[in-house]
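In: Turn this into a structure:
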Amino acid sequence: MSDIQNLQTYDPFKDTDDSFQSVAAKGLQQQHVHIRVQKRTGRKTLTTIQGLPNELDFKKIVKAFKKEFCCNGTIVDDEELGKIIQLTGDQRESVSKFLMEEGISTKSAIKIHGF
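Out: Numbering: from 1, shown residues only. I've put the predicted structure just below:
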């Protein structure tokens, strides 16, 4: 009875190598800067910037964002994703222009996500 293949369960994700995926995902994150917008309660939105190089001074960048865009911002440390900058409001286009003007990232390396 155990010879019948149709009755046995098979998990296709069980055999994947997690170390290979994590290395590939980390390499991809370091190459691109991801700018996302998230919907909060009501009409409020939150912009997150992820994938900036760790060599940068995140406190100075957040201070410049807050002064330039007249918004509030903070730095969040995530175990998997590293440091993430959060800004209030929809600042996607402004952040991408700022990063290109300051030479932090190129246009091809910036990925803008959201609705």
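
In: Helices of this structure, residue ranges please.
Out: With helices called from DSSP state H, the chain shows them at 18-31, 58-69, 92-101.

In: so the shortest one versus helix 58-69, what angle?
Out: Orientation note: helix 92-101 sits at an angle of 120 degrees relative to helix 58-69 (axes from the mean of the first three to the mean of the last three Cα atoms, to 10 degrees).

In: in this protein, which ranges drop under the pLDDT threshold?
Out: In the predicted model of the chain, residues 1-30, 115 satisfy pLDDT under 70.

In: Can you tell me how far the residue nearest the centre of it is from Lys63?
Out: Nearest residue to the geometric centre of the chain (Cα atoms, centre = their mean): Gln50, 3.5 Å. Separation of Gln50 from Lys63 (Cβ to Cβ, to the nearest Å) stands at 19 Å. Backbone N, C-alpha and C define where each C-beta goes, glycine included.

In: just Arg36 next, same as before
Out: 21 Å.
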